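[1] mind folding the following:
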Amino acid sequence: MIKIAVCDDDGNMIQELKNKICDYMNKTSYNADILSFSSAEDLLKYDESFDIIFLDIQMSSLTGMEAAKRLRQSGSESFIIFVTILKEYVYDAFSVEAADYLLKPLNSQRFQSTMDRIIHYVLEKKTAVLTIQKGSWCQSVHFADILYCEAINRKIFVHTKQEIIDYYFRINELEKQLAPDFFCCHRSYLVNLHAVIGYENGQAKLVNGENIPVSRLRRQEFIEAMLIYMKKGDR
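    Residues are numbered from 1 along each chain as shown. Model prediction:
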């Protein structure tokens, strides 16, 4: 089930988007749960997360751009698609890692191509897992749940959103398993680019408030990889 939010202060626009989403889902045989919100405040109050959020930028109270910033600050990993009449905000969309930017009135072909791309990422995110084995014990961890991996002596410590899992493995072999969304920013660290929100003073800043070291030799390559990943909006 794909969870989708539609947030717009225009009821007609909400209905048009819901119709287009339903038509797309019927054609592709995917299942979706669609919730609508008439204000950004109502969206932010909702406790559960969404896979995709369609978000108007210009709303009467809190703007969609400000709502997107707050969502990212709270750790939201939703794919945000702005739907607006305002072309001038397209570059600001990069700052909140928007997945796309659709102009009103909606173009059906453009809408479908956007959905094709984003649904692909959503399904990939839901299915990509790392299998960790310790003797007879085995556990699968979704890539999206991993913040970073740390190598200490012969052990790997996988730092997830919920816990830290350690097991015996080599970091160079782990890097192959986690490519391409993870970057070896230090000989002892693999970081999920999706969890990175910035870089400062030789440290990668993560969504959970932690900082991890970036080696001097890999600094420029890391910054380039981080910026490319953010501009892709692959969230």
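[2] help me confirm that Gln112 comes into contact with Tyr24.
    Yes - using C-beta atoms under 8 Å as the test, Gln112 is close enough to Tyr24 to be in contact (6.5 Å). No exception for glycine: its C-beta is placed from N, CA and C like everyone else's.
[3] who has more neighbours, those two?
    Neighbours per residue, other C-beta atoms under 10 Å: of Gln112 and Tyr24, the larger number sits with Tyr24, 18 against 15.
[4] whichever strand or helix holds the more buried one - what's its average pLDDT?
    With secondary structure defined by DSSP states H and E, Tyr24 is part of helix 11-28. Average pLDDT, helix 11-28: 96.
[5] now whatever helix or strand comes next after that helix - C-alpha only, CSV.
    Once the chain leaves helix 11-28, the next helix or strand it forms, by DSSP H and E, is strand 32-37. Output of strand 32-37 as CSV, limited to C-alpha atoms (Å, rounded to 0.1, in the frame of the first residue of the first chain):
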residue,chain,number,x,y,z
ALA,A,32,-2.9,3.6,-2.7
ASP,A,33,-4.4,5.2,0.5
ILE,A,34,-5.0,8.9,-0.3
LEU,A,35,-5.7,11.5,2.4
SER,A,36,-6.4,15.1,1.7
PHE,A,37,-5.6,18.3,3.8
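[6] show me the shaky parts of this protein.
    When residues are selected by pLDDT under 70, those of the chain lie in 89, 91, 230-235.
[7] for Asp33, give me its contacts.
    When contacts are counted by C-beta atoms under 8 Å, 6 or more residues apart in numbering, Asp33 is found next to Met1, Ile2, Lys3, Ile4.
[8] and the residues you listed, which are buried?
    Neighbour counting over the contacts of Asp33 (16 or more other C-beta atoms under 10 Å) leaves Ile2, Lys3, Ile4 as the buried ones.
[9] quick one: which of these is nearest Asn172?
    Comparing these against Asn172 with C-beta to C-beta picks out Ile2 as the nearest, at 35.3 Å.
[10] what's the neighbour count on the closest residue to the closest one other than its chain neighbours?
    With sequence-adjacent residues excluded and distances taken as C-beta to C-beta, 6 or more residues apart in numbering, Ile2 is closest to Ala32, at 4.6 Å. A count of nearby residues for Ala32, using other C-beta under 10 Å, gives 18.
[11] Ala32 touches Asp23, doesn't it?
    No - when contacts are counted by C-beta under 8 Å, Ala32 is not listed as touching Asp23 (11.2 Å).
[12] and for those two, which residues touch both?
    Overlap of the contact sets of Ala32 and Asp23 (by C-beta under 8 Å, 6+ apart) is empty.
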